[in-house]
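**Student:** any chance you can model this:
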Amino acid sequence: MYDFALLLATVFWAVCVLIYLSRPYASIFHPATFYLAFHALVFVVRPIVARIMDYRAIYYFYEFTPSLSDKVTVIFGSMLGLAAFLLTCLWTAPVRLEFPASDSHQIERRMMVKPFLLVALACAPIAVWSMASLYGDTLAGRSDMIRDQATGIAINTTGNGYFKDAQFMLIPLCASLAWLLRFRWWSLLPVGAFIMYRAATGARGAFVVAVMSVVLLYLYDRKHLWPRVGTGVALVTLLFGFSLIGEDRGAGLRKVLSQGVQPGLPTYREGTSSFMAGMDFANLEYFEYLVYAIPQRTGTFGYFLNNLAVFTEPVPRVLWSGKPIGPPIQLYNLFDHGFPLGMTNSLPGEGWAQLGWAGIIIWCTLAGWFFGWVYRKFAASRQGGLAVLAYLLFLPSSIFAFRDGALVSVLKANFFLFIPLLLMVLLMRILDMPTLSAISAVPQRQKRAMTQGGAQTPAERRRDRAAQWHG
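**Tutor:** All right, here's what the predicted structure looks like:
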């Protein structure tokens, strides 16, 4: 029965892919592409590999054994989630992405360099400090986090979560630099350094978002709807790099970067070096645990009350001594039925945890609508420079939403990604820089002068800027 379910899931996914690729708006920039890729990885390929290789490490570690009914429920639940997300996303966003080709976009891109450098000057030191602090703590085996024994949730004790996550500002800074400087080889050095040091801390999600953002910006710059061979090889390499780093949580990279591992440095291994056996790809087992526990053993669903964490999570614990651990209202504790340490629910798994089959439809439908709406707004816009950076940074971060499932994960993942961009918007207004619409209205002769920069005197530039706004 389970083997038939796996076969059916594979065929269902392939049919969904064929239907999607037959649409004229299919491209790597559409969120449907990202969800289809995510689903294939964790609910099609990984289950087949786990079945063939008989992976059981997660079951032993989590102290549970799913029944055949639980396992089949997960396969059909993931298929239902894929159908709900895909149908809603394609219905919301049946829009083909058209690349702009006007001189105005190129002029705006050049003009963005100055405000970007000013923002980088303000944000980069804080982000680098945060990154260096995390790397140093990893080398020394230190941590400001403790794990609550009752809930299994990690919380800050003496540290500050905002400072810890400030390093994520390096993603938009590095990706924007590469795009603004048109991907000259030396413009990629900062993102390469970030990827290396972030991976060395054992965390993989951030460097995946960084790589995908740069890849998407590059493809957009070259006006390619799909990756070419070279880009495809880079993405496959990223997948294998993700898997390898997950095996030892970056210990090998730390040894290379720090010329030897210090005695107190942990060399984490997950008990197996088999392909895709680690916890990073185990959304299948995590979903099985949710079905095993909810509502069979908890006696209730969550009814989406965990989303109340968006109101409590932003408050630092040092300012709120009685801050709840996790969501403020919890109807069950998964640690009462096993040991689900480090579990991520996935989008359909989160739906099941909140309201079973109906929850999967509701949650995946809402996600499909939201991501489709964002894409449609971007594709139908003038695609100004800031809009391009915002969307092509937001889209790769969708993997956090697909993998974690919880609303608070989406907000946390994007908070520091957008701070540099919001500062650029503010600074460009302070500097009274012309918008893309204003640049488009400028005669061709003035556009050439704007491109040349020094061809006009300051008085002439002020005059032309005033003419743009008032004429």
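
**Student:** quick check: residue 91 touching residue 373?
**Tutor:** No: between residue 91 and residue 373 there is no contact under Cβ atoms under 8 Å: 10.9 Å. Every C-beta, even on glycine, is put in place using the N, C-alpha and C of the backbone.

**Student:** for those two, work out which one has more neighbours and name it.
**Tutor:** residue 373 (15 against 11; other Cβ atoms under 10 Å).

**Student:** helices or strands up against the helix or strand where that one lies?
**Tutor:** If you go by DSSP states H and E, residue 373 is part of helix 347-380. Helices and strands touching helix 347-380, by 3 or more Cβ pairs under 8 Å, 6 or more residues apart in numbering; DSSP states H and E, are helix 31-40, helix 68-92, helix 283-293, helix 385-394, helix 398-404.

**Student:** TSV for those helices, including distance to residue 321 and mean pLDDT?
**Tutor:** Compiled in TSV, these are given as follows (distance: least, Cβ to Cβ, whole Å; pLDDT from 0 to 100):
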stretch	distance to residue 321	mean pLDDT
helix 31-40	39	96
helix 68-92	39	96
helix 283-293	31	94
helix 385-394	35	94
helix 398-404	27	90
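
**Student:** out of these, which is closest to residue 360?
**Tutor:** helix 68-92 (5.1 Å; Cβ to Cβ).

**Student:** buried ones in that closest one, by neighbour count?
**Tutor:** 70-90, 92 (16 or more other Cβ atoms under 10 Å).

**Student:** before we move on, what about stretch 116-132?
**Tutor:** Buried residues in stretch 116-132 (16+ other Cβ under 10 Å): 116, 119-120, 123-124, 126-128, 130-131.

**Student:** what do you get for stretch 43-61?
**Tutor:** Buried-residue list, stretch 43-61, by 16+ other Cβ under 10 Å: 43-44, 46-47, 49-50, 55, 57-59, 61.

**Student:** need the max-distance pair from those residues.
**Tutor:** 44 and 61 (23.4 Å).

**Student:** hmm, back to that, looking at the buried residues of stretch 116-132, which are in helices?
**Tutor:** Assigned to helices by DSSP state H, the following of these qualify: 116, 119-120, 123-124, 126-128, 130-131.

**Student:** so can I have JSON lines of those residues showing distance to residue 302 and pLDDT?
**Tutor:** Listed next are those as JSON lines, based on distance: Cβ to Cβ, whole Å; pLDDT from 0 to 100:
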{"residue": "116", "distance to residue 302": "42", "pLDDT": "93"}
{"residue": "119", "distance to residue 302": "40", "pLDDT": "94"}
{"residue": "120", "distance to residue 302": "41", "pLDDT": "94"}
{"residue": "123", "distance to residue 302": "37", "pLDDT": "93"}
{"residue": "124", "distance to residue 302": "40", "pLDDT": "92"}
{"residue": "126", "distance to residue 302": "36", "pLDDT": "92"}
{"residue": "127", "distance to residue 302": "35", "pLDDT": "90"}
{"residue": "128", "distance to residue 302": "39", "pLDDT": "89"}
{"residue": "130", "distance to residue 302": "32", "pLDDT": "86"}
{"residue": "131", "distance to residue 302": "35", "pLDDT": "82"}
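
**Student:** what's the closest of those to residue 355?
**Tutor:** Once Cβ to Cβ is applied, the member of these that ends up nearest residue 355 is residue 130, at 37.7 Å.

**Student:** what separates that closest one from residue 198, distance-wise?
**Tutor:** As judged by Cβ to Cβ, to the nearest Å, residue 130 and residue 198 stand 11 Å apart.

**Student:** give me the common contacts of the two.
**Tutor:** residue 167 (Cβ atoms under 8 Å, 6 or more residues apart in numbering).

**Student:** low-confidence ranges, this structure, go.
**Tutor:** 137-160, 202-204, 230-232, 234-275, 318, 443-471 (pLDDT under 70).

**Student:** the strands in it, which residues?
**Tutor:** Per DSSP state E, the chain carries strands over the ranges 145-147, 154-156.

**Student:** which ones are touching the nearest residue to residue 216 once chain neighbours are set aside?
**Tutor:** Once flanking residues are discounted, residue 216 sits nearest to residue 392: 4.4 Å by Cβ to Cβ, 6 or more residues apart in numbering. Each residue near residue 392 by Cβ under 8 Å, 6+ apart is listed here: 29, 175, 213, 216-217, 220.

**Student:** which residues are contacting stretch 406-414?
**Tutor:** 165, 168, 209, 306-307, 309-310, 313, 345, 350, 394, 397, 400-401, 404.
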